[in-house]
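Chemist: Next comes the sequence, and after it the predicted model I'd like to discuss.
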Amino acid sequence: ETGVTQSPTHLIKTRGQQVTLRCSSQSGHNTVSWYQQALGQGPQFIFQYYREEENGRGNFPPRFSGLQFPNYSSELNVNALELDDSALYLCASSLNRKNTEAFFGQGTRLTVV
Amino acid sequence: DQQVKQNSPSLSVQEGRISILNCDYTNSMFDYFLWYKKYPAEGPTFLISISSIKDKNEDGRFTVFLNKSAKHLSLHIVPSQPGDSAVYFCAASASGSSNTGKLIFGQGTTLQVKP
């Protein structure tokens, strides 16, 4: 068991709504990264948080935002949901910012209708 | 622009034989490579990694080979077991402040090990 937990596991939202996904990192890990995995594709990097600050961002619009809390847990917020946002959202925690051994949670399956 | 490519969407091998999963990359700045295994309804599980200063790393039944000149890496599983049946992702990262924390994944290869 990796120790990284995500909630909820499944979610259905309507286009235009906002969603918040949550991630508890593995004990001792100060770095959290978020990925979006579309069907049949590999995970795509959204952003990373290190010690409560954004530490890198992929090619995602500003309506994708995040937070990291003092206990290193994290949230991913998506505003103005679009149908193409339907995907598996994965959270990964690691001991270092380079993700030399990132541990993933089971993911949140988001469906936008 | 797919910087990490896994050109074989699927692979089927017999139990006990060797499984070889391949991965190609285009960015010469990549200096760390990882392999992940993913079962349905679970997150990816870290398998093995290799730094660009090495050309081989071994962990039990899993060995990763890196050919920097060809920008190619491969994962060998010997012997293959039915429990190895899963989707395998290759991932890469690059040094530099603008790349910190970003893992670039391939599309994945579905491995089926037949009993």
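Modeler: All right, it came through fine.
Chemist: Secondary structure element for residue A:55, which one?
Modeler: For residue A:55, the element it lies in under DSSP states H and E is strand A:53-57.
Chemist: Please point out which parts of that strand sit buried.
Modeler: Using 16 or more other C-beta atoms under 10 Å in any protein chain shown as the test for burial, strand A:53-57 gives A:55, A:56, A:57. In short, each C-beta sits where N, CA and C put it, glycine included.
Chemist: want to throw the residues you listed into TSV with pLDDT and distance to chain B?
Modeler: TSV is the format used below for the buried residues of strand A:53-57 (pLDDT from 0 to 100; distance: C-beta to the nearest C-beta, whole Å):
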residue	pLDDT	distance to chain B
A:55	85	5
A:56	86	4
A:57	90	9
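Chemist: could I get these as a markdown table with distance to residue B:87?
Modeler: Formatted as a markdown table, these follow (distance: C-beta to C-beta, whole Å):
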| residue | distance to residue B:87 |
| --- | --- |
| A:55 | 28 |
| A:56 | 25 |
| A:57 | 26 |
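Chemist: Nearest to residue B:71 among those residues?
Modeler: For these, the minimum distance to residue B:71 (C-beta to C-beta) is 22.9 Å, reached by residue A:56.
Chemist: surely the closest one meets residue B:102?
Modeler: Yes. Using C-beta atoms under 8 Å, residue A:56 is in contact with residue B:102, at 5.5 Å.
Chemist: what residues are shared contacts of the two?
Modeler: Common neighbours of residue A:56 and residue B:102, using C-beta atoms under 8 Å, 6 or more residues apart in numbering or on different chains, are A:45, A:48.
Chemist: so how many other residues sit close to residue B:74?
Modeler: Residues near residue B:74, counting by other C-beta atoms under 10 Å in any protein chain shown, number 16.
Chemist: From residue B:57, how far out is the most centrally placed residue in chain A?
Modeler: Closest to where the C-alpha atoms of chain A average out (C-alpha atoms, centre = their mean) is residue A:34, at 3.2 Å. Separation of residue A:34 from residue B:57 (C-beta to C-beta, to the nearest Å) stands at 27 Å.
Chemist: cool, residue A:88 as well?
Modeler: 28 Å.
Chemist: for residue A:39, same thing?
Modeler: To residue B:57, residue A:39 is 31 Å away according to C-beta to C-beta.
Chemist: what about the two, which has more around it?
Modeler: Neighbours around residue A:39 and residue B:57, counted as other C-beta under 10 Å, are more numerous at residue B:57. The numbers are 16 against 7.
Chemist: what are the bridge partners for the closest residue to that one other than its chain neighbours, then?
Modeler: Closest residue to residue B:57 apart from its sequence neighbours, by C-beta to C-beta, 6 or more residues apart in numbering or on different chains: residue B:50 at 4.4 Å. Residue B:50 forms beta bridges with residue B:33, as assigned by DSSP bridges.
Chemist: and residue B:112, what is it in contact with?
Modeler: By C-beta under 8 Å, 6+ apart, the contact list for residue B:112 reads B:10, B:11, B:12, B:13, B:85.
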